[in-house]
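Colleague: build me a model:
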Amino acid sequence: MKRIVCVGGGPAGLYAAILLKKALSHTRVEVYERNRPADTFGWGVVFSDQTMANFETADAPSHAAIVAGLRHWDDIAIHLRGERFLSRGHGFSGIGRVRLLKLLQERAAELGVEQSFQQEVKSDTDFGDADLIVAADGVNSATRSRYAHIFEPDVDVRKCRFMWLGTTQQFSAFTFAFEETEHGWFQIHAYQFSAELSTVIVETREETWKAHGLDRADTRRSVEFCEQLFARYLGGHALQSNAGHLKSAPWLNFHRVRCRRWYHGKLALIGDAAHTAHFSIGSGTKLAMEDAISLARHTAGAAELASALAAYQEERGIEVLKLQSAARNRMEWFENVARHTRLPPRQFAYSLLTGSQRIGHENLKLRDRAFVEEHERWLARQCGTHVETRPPMFLPLKVRGLELANRVIVSPMAQYMAVDGLPGEWHLVHYGGRALGGAGLIFTEMTCVSPEGRITYGCTGLWSAAQRDAWQKIVAFVHGNSDTKFCLQLGHSGRKGSTQLGWQEPDHPLAADNWTIYAPSAEPYLEGVSQTPRPMTRTDMDKVREDFVRAASFGNAAGFDMLELHMAHGYLLASFLSPLTNRRTDEYGGSIENRVRFPVEVFAAVRAAWPQDKPISVRISATDWAPGGLSEADMLHVATALKSAGADIIDVSTGQTVASQAPVYGRMWQTPFADHIRNEVGIATIAVGSIYEPDHVNSIVAAGRADLCAIARPHLANSSWTLEAAAQQGYEAQWWPQPYRSAKSQLERNLQRESQTGGPA
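Modeller: Numbers count the residues shown, from 1 in each chain. Down below sits the predicted model:
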């Protein structure tokens, strides 16, 4: 390469220029920045210890200069309602943004990078002879906008307003403080980045900001408001703004940016031009500078630029997606502070520390054992246990007259092994084996309330005395040989019925002998493939309601401890709830108040027939993952209506309503919905979806995100998942089947040996 141009002279552009110049000493490298050298609206920048190690490998001189200017801390302090909680061992460092810019500018100059300031780049075509153009022009990137049809940016303007301020108050820990006003909550993210100065980011919901008139306030008035609100943390020190020259205060909305493509021809996006991560996770500058490291490594000396840029995006895209997922979780946590303040202050603090879902229970314990063990003792006291401390997943739970020994559920999993709806020997072994595995509660697969309510010919049912008796045999085995409780899940397939077995062509109709299906509206699941359901009449609805009541009565006679109604995944009752599948114009369609009417009617009838000392849960799809589907308000309305009708637990799943859904997957990806309903509606919830490690369960329960965790596929691969989790964590009080107790002691010895040697014996 003969010429490289970096558009944008922030940390991303400067660091890219440094690394490219270092690798290609004979190449002309230029940086063009629209602002003056020291202009910035930020105050401090946060780096983790791991990030600093990456910088040292990339360029030791700039790393050494940055390290010399760092202010290091390990503690996080959280203030709520007059209580303060301190967690240690987090390992972060701060540096002034102006100082970071100056250090990078000096390093770039030392290497011979040409820097031009106060120069607006109108178009990349100004640099027609450049071999590589690095667009580091920030969240409002003109380069990205110019080629939006190529980069396909997805820009999401978020719900909070925030303002960057500074102060001479010295914060000994990274400080989060929360203050309630008559219009809502404000919070600060504060940390010291030099001997003299600290950053204070003030954040609040948009509606709260407007209610206080801050949308009409100038900088001086906004600063004075924040000083008064957070006076107890400022110790008499003033707040400072570096945007006093602006007519209105620089209250910003965070823009979450995600580009489908990061390069075009000889043009590459890095940093905020390509992606953003919320400041609450402290990774925006980190991501930008690590982009620069990757870009330089892939392009310096590359024989073919397009391949090098593709490799750059592939490498960085994975890491950015991980961090954006964590940042999204943390961002949404702060956007919904009011919901979390309903938790007890100690649990609120734990929830904040683990809010990104990247830090779990064990990781937090490695950082600060004392904090976690005190939290475990507190949780145990809330449950009234005599054991002072135990892993949160092994806390008991009582719901009505049902007592569960722990918080692990074997999730409902279709087996497709029934004949005429009858569970057989397969089901006895399947459910019996999982009951012996130590979970507090096991669920049946969706058991259908009528022959026409089956998904497939292989689905279990509960519409006859013979089926009742077959289930009773399985329930008796579970109760006679384990401490595990047994929940019956009842459902009706609706428009997703009369289809092939799960290992054939799922959701596709049978080749022959299909039965008539019905639904709220004539909306087939797979357009042009599925049957078109017959819209239900009131007579149909009456029959379905009574089918559910009959099945519930059979279930009680069979001895089940708990009941769940399936109102999720696009089956019959779920189809009433979603506007994508309910097109009715009568009193059961239209508004959410109408759409929820029949599902609640069914629930109320079942609740009346089910013993009052036995709980009932309801599985719902909290979102359809499709445009025009269930809204957040719809979700909360459904949960509230079910709670009012007598539901004890909401089992929070998502999607499978329409074939065109576009879920956002990841670890514990549906847990935020369970958290939302639990702490907004005030009802116990079950979290589901890619929960597969004991640490996931511990973190979810300890943070108050859900009360129970449903685990599916891991229990198919390992029916003793819960027993192994107890042994791994040294929890000896977990119940084991007597014939298996010799395996318990051997497993515990082997795990102890592995922990001492670092691997299997």
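
Colleague: pLDDT averaged over the host helix or strand of residue 348 - what is it?
Modeller: Residue 348 is located in helix 345-353, with elements delineated by DSSP states H and E. The average pLDDT within helix 345-353 is 98.

Colleague: one more: stretch 234-248?
Modeller: 83.

Colleague: and it, C-alpha only, in CSV?
Modeller: Listed next in CSV are the C-alpha coordinates belonging to stretch 234-248 (Å, rounded to 0.1, in the frame of the first residue of the first chain):
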residue,chain,number,x,y,z
LEU,A,234,-20.8,14.9,45.3
GLY,A,235,-19.6,16.0,48.7
GLY,A,236,-20.0,19.7,47.8
HIS,A,237,-18.2,19.5,44.5
ALA,A,238,-19.7,21.0,41.4
LEU,A,239,-20.6,19.2,38.2
GLN,A,240,-18.9,20.5,35.1
SER,A,241,-20.0,20.4,31.4
ASN,A,242,-17.7,20.8,28.4
ALA,A,243,-20.6,21.8,26.2
GLY,A,244,-21.5,25.2,27.6
HIS,A,245,-21.2,26.7,24.2
LEU,A,246,-24.3,24.8,23.0
LYS,A,247,-27.7,26.5,23.1
SER,A,248,-29.3,23.6,24.8
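
Colleague: show me which residues of it are buried.
Modeller: Residues of stretch 234-248 classed as buried by neighbour count (16 or more other Cβ atoms under 10 Å): 234, 237, 239, 241-242. C-beta here means a position set from N, CA and C on the backbone, and glycine is covered the same way.

Colleague: before we move on, back to that, so which elements touch the helix holding residue 348?
Modeller: Where contact means 3 or more Cβ pairs under 8 Å, 6 or more residues apart in numbering; DSSP states H and E, helix 345-353 is packed against strand 76-80, strand 83-87, helix 337-340, helix 369-383.

Colleague: can we see that at 10 Å?
Modeller: Secondary-structure packing of helix 345-353 (3 or more Cβ pairs under 10 Å, 6 or more residues apart in numbering; DSSP states H and E): strand 76-80, strand 83-87, strand 174-181, helix 305-335, helix 337-340, helix 361-367, helix 369-383, helix 694-702.

Colleague: relative to strand 76-80, how tilted is the second one?
Modeller: Following axes from the mean of the first three to the mean of the last three Cα atoms, to 10 degrees, one obtains 160 degrees for the angle between strand 83-87 and strand 76-80.

Colleague: coming back round to it: and the helix holding residue 348 with strand 83-87, angle?
Modeller: Using the same axes, to 10 degrees: helix 345-353 against strand 83-87 is 40 degrees.

Colleague: and helix 345-353, how far out from the chain middle?
Modeller: 16 Å (Cα atoms, centre = their mean, to the nearest Å).

Colleague: and the helices in the stretch 151-300 of the chain?
Modeller: With DSSP state H, counting those that start in this stretch as the criterion, the stretch 151-300 of the chain has helices at 206-211, 219-229, 231-234, 284-299.

Colleague: I'd like those helices as TSV, with distance to residue 186 appended.
Modeller: Output for the helices of the stretch 151-300 of the chain, formatted as TSV (distance: least, Cβ to Cβ, whole Å):
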stretch	distance to residue 186
helix 206-211	7
helix 219-229	6
helix 231-234	12
helix 284-299	22
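
Colleague: name the stretch among those helices that sits most buried.
Modeller: helix 284-299 (a mean of 24; mean count of other Cβ atoms under 10 Å).

Colleague: give me the mean pLDDT for that helix.
Modeller: Rounded mean pLDDT across helix 284-299 is 95.

Colleague: okay, strands next: where are they in the stretch 601-750 of the chain?
Modeller: 616-621, 649-653, 684-687, 708-711 (DSSP state E, counting those that start in this stretch).

Colleague: packing partners of the third one?
Modeller: Looking back up the chat, that one is strand 684-687. On a contact count with 3+ Cβ pairs under 10 Å, 6+ apart, strand 684-687 meets strand 616-621, strand 649-653, helix 671-677, helix 694-702, strand 708-711.

Colleague: so can I have TSV of these showing distance to residue 555?
Modeller: Compiled in TSV, the helices and strands packed on strand 684-687 are given as follows (distance: least, Cβ to Cβ, whole Å):
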stretch	distance to residue 555
strand 616-621	11
strand 649-653	16
helix 671-677	25
helix 694-702	27
strand 708-711	19
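
Colleague: nearest to residue 83 among these would be which one?
Modeller: Among the helices and strands packed on strand 684-687, the nearest to residue 83 by Cβ to Cβ is helix 694-702 (17.6 Å).

Colleague: hmm, back to that, winner for burial among the helices and strands packed on helix 345-353?
Modeller: Buried most deeply of those, by mean count of other Cβ under 10 Å, is helix 694-702, with a mean of 25.

Colleague: give me the angle between that one and helix 345-353.
Modeller: 140 degrees.

Colleague: could you give the mean pLDDT of helix 694-702?
Modeller: Mean predicted lDDT for helix 694-702 stands at 98.

Colleague: stretch 155-163 now?
Modeller: pLDDT averaged over stretch 155-163 gives 96.

Colleague: direction included, what does whichever strand in the chain runs longest pair up with?
Modeller: Criterion DSSP state E: the longest strand present in the chain is strand 153-167. Taking DSSP bridges as the criterion, strand 153-167 sits next to strand 198-205 (antiparallel), strand 239-240 (antiparallel), strand 252-259 (antiparallel) in its sheet.

Colleague: what sits against residue 155?
Modeller: 139-140, 144-145, 148, 255-259, 276 (Cβ atoms under 10 Å, 6 or more residues apart in numbering).

Colleague: tell me what residue 198 is bridged to.
Modeller: residue 167, residue 192.

Colleague: burial of it, as a residue count?
Modeller: 23 (other Cβ atoms under 10 Å).

Colleague: how near is it to residue 236?
Modeller: 14 Å (Cβ to Cβ, to the nearest Å).

Colleague: what do those two both touch?
Modeller: Common neighbours of residue 198 and residue 236 (Cβ under 10 Å, 6+ apart) are 168-169.

Colleague: ok, back up a step: of the helices and strands packed on strand 684-687, give the one that comes closest to residue 437.
Modeller: Of all the helices and strands packed on strand 684-687, strand 708-711 comes closest under Cβ to Cβ, at 10.5 Å.

Colleague: show me what the closest one pairs with in its sheet, parallel or antiparallel.
Modeller: strand 408-410 (parallel), strand 684-687 (parallel).

Colleague: can I get those in JSON lines including distance to residue 286, mean pLDDT and mean neighbour count?
Modeller: As requested, the strands paired with strand 708-711 are arranged in JSON lines below (distance: least, Cβ to Cβ, whole Å; pLDDT from 0 to 100; neighbours: other Cβ atoms under 10 Å):
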{"stretch": "strand 408-410", "distance to residue 286": "36", "mean pLDDT": "98", "mean neighbour count": "29"}
{"stretch": "strand 684-687", "distance to residue 286": "29", "mean pLDDT": "98", "mean neighbour count": "25"}
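
Colleague: quick one: closest of the ones you listed to residue 64.
Modeller: Closest among the strands paired with strand 708-711, using Cβ to Cβ: strand 684-687, at 45.5 Å.

Colleague: pLDDT below threshold where in this protein?
Modeller: Scanning the chain for pLDDT under 70 picks out 41, 244-247, 387, 758-761.

Colleague: beta partners for residue 618?
Modeller: Those that pair with residue 618 in a beta bridge, by DSSP bridges, are residue 565, residue 650.

Colleague: for residue 503, which non-adjacent residue is spatially closest?
Modeller: With Cβ to Cβ, 6 or more residues apart in numbering as the criterion, residue 503 has its nearest non-adjacent residue at 7.4 Å, and that residue is residue 416.
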